[in-house]
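Novice: Have a look; sequence and predicted model below, questions after that.
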Amino acid sequence: MEASEGKSKKQGASRLCCLCNQRRPVLKRPKTLQQICKECFYEVFEEEIHQVIVKNHLFKSGERVAIGASGGKDSTVLAYVLSELNRRHSYGLDLFLLSIDEGITGYRDDSLETVKRNELQYGLPLQILSYKDLYGWTMDDIVKMIGLKNNCTFCGVFRRQALDRGAALLKVDKLVTGHNADDIAETVLLNILRGDIARLSRCTSITTGEDGPIPRCKPFKYTYEKEIVIYPFITESFSCSFSNIYSFFFLISLELVNLRYCDYLNIVHTYAYFKKLDYFSTECIYSPNAYRGFAREFIKDLERLRPRAILDIIKSGEDFRIATTTKMPEQGTCERCGYISSQKWCKACVLLDGLNRGLPKMGIGRARGGVNGDHQKETKKPASAARSLESKQCGSLDF
Ligand SMILES: Nc1ncnc2c1ncn2[C@@H]1O[C@H](COP(=O)(O)OP(=O)(O)OP(=O)(O)O)[C@@H](O)[C@H]1O
């Protein structure tokens, strides 16, 4: 009798949130597998990001900060959480949304509509810059000329520079992006697979570009993608439409951690689609993303076996030391547009020159030392240049 009473008390206790020990758990936290209630989930989620911001001295009071806003889940949650923390902890930041319109019909035009709604929902001023205005080309035009294979290189190089130009226009001190722990772990792995030591040493830094036009920070460096996906579902104030789906999410939340990543996102995205949740969840229509996709699935498989795997990969990336004998590229400025460059021309100018001359493959591939203005030399080796990029897929492998 006593034993069974003890057992039922124990079962009752195990049904309480393991953090507050008061409320019923509604989800298994992906990062730690702890069964916790929704109040504790959003408390730990937001507090961890706050701690990352404070410990890494990401911001100073009075700074103007642009949030790279694509309309996707990461940057939407980042815009929401950062404005909340800014208010709650009196960071004293002036926040802005900065969106780049790459000119991808049926993808970016739709996601920009989401950002425009976010502008009103969060009360943050929005600046949109387009590839068409900046470079005279949309990604639709570029894909028509170059095809699907290498288009991500153009997009990645142009977006990086476009964000810097937008930041200069807004006169901000910093740019923050929604890159999360999963993105960083993937990038560590990809840079190892490519033997790219220069990017490997940069890709784990929480702040980069301090020597360039504008420092970039990643406040979600240690935030798991699965938690970013969960967050809007259980935060009442995030958007009124999110609250409608509590019951659905709570029913499946304890099981989700064991699903494959693609099944997981499919469930969430399908539901998000029907409920018209206010972030945009479609993959880029021009991104085959095969190589990064394999790395992503590999990391998700590791995460299913051991959630800490993501943090450990980031830690390994951080702990790599570059031998002093490794020659690092020297930073200068582009002779053509004045943007930062370790070569005579910056990568965007090389790519644009190729596009404008009807030789779009000219700038593709990694310039190794030497002067990249030597186009003649590059056009003589189209096969090897294209090959060097096959493994690169979506955009550049650093941030
Ligand atoms: N078109 C864009 N305009 C402004 N910022 C962008 C744009 N595309 C990407 N970013 C920034 O870079 C981050 C990483 O972009 P990535 O393309 O990897 O998208 P993601 O991981 O799907 O993120 P999100 O869910 O925010 O779209 C985004 O979170 C955002 O901060």
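Specialist: Ah, there it is.

Novice: pretty sure Y222 contacts I53?
Specialist: No: contact criterion CB atoms under 8 Å: Y222 and I53 do not qualify, at 11.1 Å. From N, CA and C alone the C-beta is placed, and that goes for glycine too.

Novice: Report pLDDT for whatever residue of the chain ends up closest to the ligand.
Specialist: In the chain, the residue that lies nearest the ligand is G72 (2.1 Å; CB to the nearest ligand atom). Per-residue pLDDT puts G72 at 89.

Novice: I figured it was touching G178, is that so?
Specialist: Yes: G72 lies in contact with G178 (CB under 8 Å); the separation is 7.2 Å.

Novice: Compare the two and say which is more crowded by neighbours.
Specialist: G178 (24 against 20; other CB atoms under 10 Å).

Novice: gap between that one and K218?
Specialist: Distance check for G178 against K218: by CB to CB, to the nearest Å, it reads 8 Å.

Novice: Check C152 too.
Specialist: 20 Å.

Novice: now do C334
Specialist: C334 sits 25 Å away from K218, going by CB to CB.

Novice: More neighbours: the two, which one.
Specialist: K218 (26 against 20).

Novice: Test my guess that the more buried one contacts T177.
Specialist: Yes: counting by CB under 8 Å, K218 does reach T177; the two are 6.0 Å apart.

Novice: these two touch, right, C18 and P25?
Specialist: Yes: in this structure, C18 is within contact of P25 by CB under 8 Å, at 7.1 Å.

Novice: Could you list the low-confidence segments of the chain?
Specialist: 1-14, 233-282, 288-290, 321-328, 365-399 (pLDDT under 70).

Novice: domains of it?
Specialist: The chain breaks down by automatic domain parsing into domains covering 40-325, 332-390.

Novice: Just confirm yes or no for stretch 193-209 near the ligand.
Specialist: No: using CB under 6 Å from any ligand atom, stretch 193-209 stays clear of the ligand, coming no nearer than 12.6 Å.

Novice: What's the first helix or strand after the longest strand along the chain?
Specialist: As assigned by DSSP state E, the longest strand anywhere in the chain is strand 94-101. On the C-terminal side of strand 94-101, the nearest following helix or strand under DSSP states H and E is helix 108-122.

Novice: re the thing from before, okay, now the sheet partners of the longest strand of the chain, with direction.
Specialist: Sheet pairing of strand 94-101 (DSSP bridges) gives strand 64-68 (parallel), strand 126-130 (parallel).

Novice: Please state the backbone phi and psi of I36?
Specialist: I36 has phi and psi values of phi -130, psi 160 when expressed as degrees, to the nearest 10.

Novice: Count the residues that sit near A309.
Specialist: Count around A309 with other CB under 10 Å applied: 17.

Novice: Likewise for R202?
Specialist: With other CB under 10 Å as criterion, R202 counts 18.

Novice: what does E283 give?
Specialist: Neighbour tally, E283, other CB under 10 Å: 14.

Novice: a strand runs through it, doesn't it?
Specialist: No: going by DSSP: H, G, I helix; E, B strand; the rest coil, the assignment for E283 is coil, not a strand.

Novice: V157 versus that one, what's the distance?
Specialist: Relative to V157, and taking CB to CB, E283 is found at 20 Å.

Novice: Check the gap between the closest residue to E84 other than its chain neighbours and G68 for me.
Specialist: Closest residue to E84 apart from its sequence neighbours, by CB to CB, 6 or more residues apart in numbering: E46 at 6.8 Å. E46 sits 20 Å away from G68, going by CB to CB.

Novice: just Q331 next, same as before
Specialist: Going from Q331 to G68 by CB to CB gives 22 Å.

Novice: Which one's more surrounded, those two?
Specialist: G68 (22 against 10).

Novice: chain center to the helix or strand hosting E303, what's the gap?
Specialist: Using DSSP H and E, the element containing E303 is helix 290-305. Once both centres are worked out by CA atoms, centre = their mean, to the nearest Å, helix 290-305 turns out to sit 16 Å from its chain's centre.

Novice: Which elements pack onto that helix?
Specialist: Applying 3 or more CB pairs under 8 Å, 6 or more residues apart in numbering; DSSP states H and E, we find helix 290-305 packed against helix 181-194, helix 261-275, helix 309-319.

Novice: What residues of the shortest one count as buried?
Specialist: Okay, so that is helix 309-319. 309-311, 313-314, 317 (16 or more other CB atoms under 10 Å).

Novice: again, but for stretch 85-96
Specialist: Neighbour counts over stretch 85-96 (16+ other CB under 10 Å) mark 85-86, 91, 93-96 as buried.

Novice: Quick one: name the residues of the chain near the ligand.
Specialist: Residues of the chain lying close to the ligand by CB under 6 Å from any ligand atom are 68-70, 72-75, 98-100, 102, 159, 177-179, 183.

Novice: Among the residues you listed, which one has the most neighbours?
Specialist: A69 (31 neighbours).

Novice: OK, contacts around that residue?
Specialist: 75-76, 79, 97-99, 115, 118, 126 (CB atoms under 8 Å, 6 or more residues apart in numbering).
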